[in-house]
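S.K.: dropping a prediction and its sequence here:
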Amino acid sequence: MNHRLRRIGDYLRMADGWRRLAFAFAAGAGSALAFAPLNFFPALLAGYAALVLLLDGAAAAPRPLRRAALTGWAFAFGQFLIGLHWIGYPFMVDPSAHLWQMPFAILLLPAGLGLFGALACAAAMYFWREGAGRIFVLAICWSICEWLRGHILTGFPWNLSAYGWGASFGILQSTAVIGAYGLGFLTILLGASFAEVFVSRWRLPALLTALFALFWLGGDLRLSAEKVAFVPGVQLRIVQPDIAQREKDSRDFMLRNWERLLDLTTRAPLKGITQIVWPEDAPPFLLQASPTALEEIAALTADKRSLITGAQRLTRNGDDIAAYNSLYIFRPGGRTPYIYDKFHLVPFGEYLPFAKALHAIGVTKLTAGEIGFSAGDGPHTYSDIGAPPVGPLICYEIIFPGAVTAKQRPGWLVNVTNDAWFGPWAGPRQHFLIARVRAIEEGLPVIRAANTGISAVIDPKGRILAMIGLNRMGFLDAGLPAALPATPYARFGDAGFFLLLILGVIIAQERKWRRK
């Protein structure tokens, strides 16, 4: 067995030129099987182990930094190409306008994100030394680049390494302490450590496997420790209209879409319901320009009831018009609604960076309308809604660790979304898994209303209490889970992640001194 493992390890180390890049691409592509919906976490661990062996070969060849950067780019390109394959679906909504852009998006986004992998491996190669220290070096550099990916140019922290544990919510409970970035660092460390078994060194992978076994055991104990508590007197109705994106903004379906929304909301008696939640951009028209719709909403909120809905809105200042992807909270009795504006906008979807240059070559944003959305001013918490204070999040705003709550901690998060943009399979399920991890990190329930996608009530430990599945029309009634006390992550953010990085640097340096 040991002899066979050594032969495999030597084969990967000796790969050069296009073969090394092909192996790196295959390892990265295979590692994406760990993400939703497959959740096959061994693939992610095996991918990082293969990456270490390929970098060992690069370290022994001429121009190691260049070879390491190319190897890291090929690995990350493969991982993002497979993990984000659903990114092509938005371009098929209006094929006459956007289909020609689809090949560029499918290839250029993973290629651009692959630069973070190139940077991580080039930086790791600068400190690369034979022995276990290189495992820590790679984990440190790769996880730092994951953090940078979540922050640079508005950030895109999708499919972080931590999300490879979607099959084990016991292990994901650790994000309540160290967050997704901290768990990602330990996950990369675990996977990379398995490269040691190919040279018959078992100590490090055994220790890290034991650590994750403790995470799993502790997390499962946490999940089974107590029953879910609910907020007294609060009852939710979540509506999922399941409208195809091609019909969402069409004038031909405007009346039908509105009537479907009202019908699902009132299909069962509203007695006892205190909070109605509609998805992102639910009304098919501007509420501010529709007195009739506002009267119907006032009727829904007449009996000490609130309505939370995503909706577009326009503001005018002289000749300047601004558009917002907003969320309205219509409070009981028809009082003036709270209005929250989305602040993490999707590039190319909701606005065009370098708009003049891109318009010149025929590129337009994916959402309807010529005006790009303007950004809001950040997270907010709203009180006096007949329920605990709420923190609203629109669509992919929930993917950003540590950036989902205002200074005043809410009692629950409401995430309105329209996952019809993400296709019928992987994209919505990845988005849903991320929402569940945010609930664990913050110790807050997440109430999710999707046009189509997965609408659900998620408790503060990430458990699903009620759900409407993907591509289904309907509504669900449920209580509101009570929030937990603020988790360590909610209090200290990524401090645990940075402490793990510092500990990793100390161990890597100690291994270097020991070898000397």
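M.R.: That came in fine, so what should we check first? Predicted model only: the values in this text are computed from it and were never measured.
S.K.: buried set for stretch 230-244?
M.R.: Across stretch 230-244, burial judged by 16 or more other CB atoms under 10 Å covers Phe230, Val231, Val234, Gln235, Leu236, Arg237, Ile238, Val239, Gln240, Pro241, Asp242, Ile243. (Glycine included, C-beta is placed from N, CA and C.)
S.K.: quick one, phi/psi of the first one?
M.R.: Phe230 adopts backbone torsions of phi -120, psi 150, taken as degrees, to the nearest 10.
S.K.: how about the strands in the protein?
M.R.: 230-240, 275-277, 306-317, 320-331, 335-341, 390-394, 412-417, 446-450, 455-458, 464-468, 474-481 (DSSP state E).
S.K.: weakest of those by average pLDDT?
M.R.: Looking at those, the lowest mean pLDDT belongs to strand 335-341 (a mean of 91).
S.K.: same for the lowest-mean-pLDDT helix or strand in the chain, what does it pack against?
M.R.: In the chain, no helix or strand scores lower on mean pLDDT, DSSP states H and E than helix 355-360, which sits at a mean of 78. Helix 355-360 sits against no helix or strand, with contacts defined as 3 or more CB pairs under 8 Å, 6 or more residues apart in numbering; DSSP states H and E.
S.K.: which residues are in contact with that helix?
M.R.: The contact list for helix 355-360 (CB atoms under 8 Å, 6 or more residues apart in numbering) reads Leu352, Thr364, Gly372.
S.K.: same question for stretch 92-100.
M.R.: Pro90, Phe91, Met102, Gln245, Arg246, Thr364, Leu366, Trp421.
S.K.: repeat that for 7 Å
M.R.: Phe91, Gln245, Arg246, Thr364, Leu366 (CB atoms under 7 Å, 6 or more residues apart in numbering).
S.K.: any chance of a PyMOL selection covering the buried ones in the residues you listed?
M.R.: This is the PyMOL syntax for the buried subset of the contacts of stretch 92-100, where burial follows 16+ other CB under 10 Å:
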select buried, resi 91+245+364+366
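S.K.: for the residue lying closest to Gly372 once chain neighbours are set aside, give me its contacts.
M.R.: Distances taken as CB to CB, 6 or more residues apart in numbering put Tyr351 closest to Gly372, at 3.6 Å, once the chain neighbours are dropped. By CB under 7 Å, 6+ apart, the contact set of Tyr351 is Leu345, Lys365, Gly372, Phe373.
S.K.: coming back round to it: of all the contacts of stretch 92-100, which comes closest to Leu223?
M.R.: Gln245 (35.6 Å; CB to CB).
S.K.: what is the burial count for the nearest residue to Trp258 once chain neighbours are set aside?
M.R.: Nearest residue to Trp258 in three dimensions, chain neighbours excluded: Pro284, at 5.6 Å (CB to CB, 6+ apart). By other CB atoms under 10 Å, the residues close to Pro284 number 25.
S.K.: ok, Pro284 touching Leu255?
M.R.: No: at 8.1 Å, Pro284 does not count as touching Leu255 under the criterion of CB atoms under 7 Å.
S.K.: tally of neighbours for Gly479?
M.R.: Using other CB under 10 Å, Gly479 has 18 neighbouring residues.
S.K.: that one contacts Gln235, correct?
M.R.: Yes: counting by CB under 7 Å, Gln235 is a contact partner of Gly479 at 6.2 Å.
S.K.: related to what we said a few turns ago, so how far is the least confident helix or strand of the chain off the chain centroid?
M.R.: Mean-position distance between helix 355-360 and its chain equals 29 Å (CA atoms, centre = their mean, to the nearest Å).
S.K.: begin at 22 from now on, thanks
M.R.: Sounds good: first residue 22 from here, last item helix 376-381.
S.K.: list the buried ones in that helix?
M.R.: Buried residues in helix 376-381 (16+ other CB under 10 Å): none.
S.K.: for stretch 74-91, same thing?
M.R.: Neighbour-count burial for stretch 74-91 [16+ other CB under 10 Å]: 74-80, 85-86, 88-91.
S.K.: first-to-last residue distance for it?
M.R.: End-to-end distance for stretch 74-91, by CA to CA, to the nearest Å: 14 Å.
S.K.: any idea of the mean pLDDT in that stretch?
M.R.: Here the average pLDDT along stretch 74-91 is 97.
S.K.: likewise for stretch 382-395?
M.R.: 83.
S.K.: what's the answer for stretch 274-282, then?
M.R.: pLDDT averaged over stretch 274-282 gives 97.
S.K.: I figured Ile318 hits Phe351, correct?
M.R.: Yes: Ile318 lies in contact with Phe351 (CB under 7 Å); the separation is 5.5 Å.
S.K.: which neighbours do the two have in common?
M.R.: With CB under 7 Å, 6+ apart as the test, Ile318 and Phe351 both reach Leu328.
S.K.: now stretch 175-188 - C-alpha only, CSV.
M.R.: Provided in CSV are the C-alpha atoms of stretch 175-188 (Å, rounded to 0.1, in the frame of the first residue of the first chain):
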residue,chain,number,x,y,z
THR,A,175,-17.0,44.4,-3.8
GLY,A,176,-16.1,40.7,-3.2
PHE,A,177,-17.4,37.3,-4.3
PRO,A,178,-17.1,34.8,-1.4
TRP,A,179,-19.0,32.1,-3.2
ASN,A,180,-18.0,28.4,-2.7
LEU,A,181,-15.5,29.1,0.1
SER,A,182,-13.6,26.0,1.2
ALA,A,183,-15.8,25.8,4.3
TYR,A,184,-18.8,25.2,2.2
GLY,A,185,-17.4,21.9,1.2
TRP,A,186,-18.8,20.5,4.5
GLY,A,187,-22.4,20.8,3.4
ALA,A,188,-22.9,17.1,4.1
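S.K.: contacts for it, please.
M.R.: Counting by CB under 7 Å, 6+ apart, 55-57, 60, 62, 65, 104, 167, 170-171, 192-193, 196, 201, 204-205, 208-209, 365, 368, 420-422, 451, 454-455, 458 sit against stretch 175-188.
S.K.: over to stretch 228-238?
M.R.: Ser189, Gly191, Ile192, Ser195, Leu210, Leu211, Ser214.
S.K.: centre of the chain to it, how far?
M.R.: For stretch 228-238, the distance from its own C-alpha centre to the chain's C-alpha centre is 25 Å (CA atoms, centre = their mean).
S.K.: quickly list the domain ranges of the chain.
M.R.: 23-245+514-536, 252-502 (automatic domain parsing).
S.K.: want to throw those into CSV with distance to Thr508?
M.R.: Output for the domains of the chain, formatted as CSV (distance: least, CB to CB, whole Å):
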stretch, distance to Thr508
domain 23-245+514-536, 4
domain 252-502, 4
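S.K.: about what we covered before: so what's the residue nearest to Gly393 bridging to?
M.R.: Pro368 (DSSP bridges).
S.K.: could you check the pLDDT of it?
M.R.: Looking at Tyr372, the pLDDT reads 88.
S.K.: same check, this time on Gly474
M.R.: 87.
S.K.: distance of it relative to Phe112?
M.R.: Per CB to CB, to the nearest Å, Gly474 is found 18 Å from Phe112.
S.K.: tell me which residues in stretch 63-77 are buried?
M.R.: In terms of neighbour count (16+ other CB under 10 Å), stretch 63-77 has its buried residues at 64-77.
S.K.: let's see which of the residues you listed end up in helices.
M.R.: 64-77 (DSSP state H).
S.K.: how about Tyr69: what's its closest non-neighbour residue?
M.R.: Tyr69 sits nearest to Gly212 (CB to CB, 6+ apart), 3.1 Å away.
S.K.: how many neighbours does that neighbour have?
M.R.: 31.
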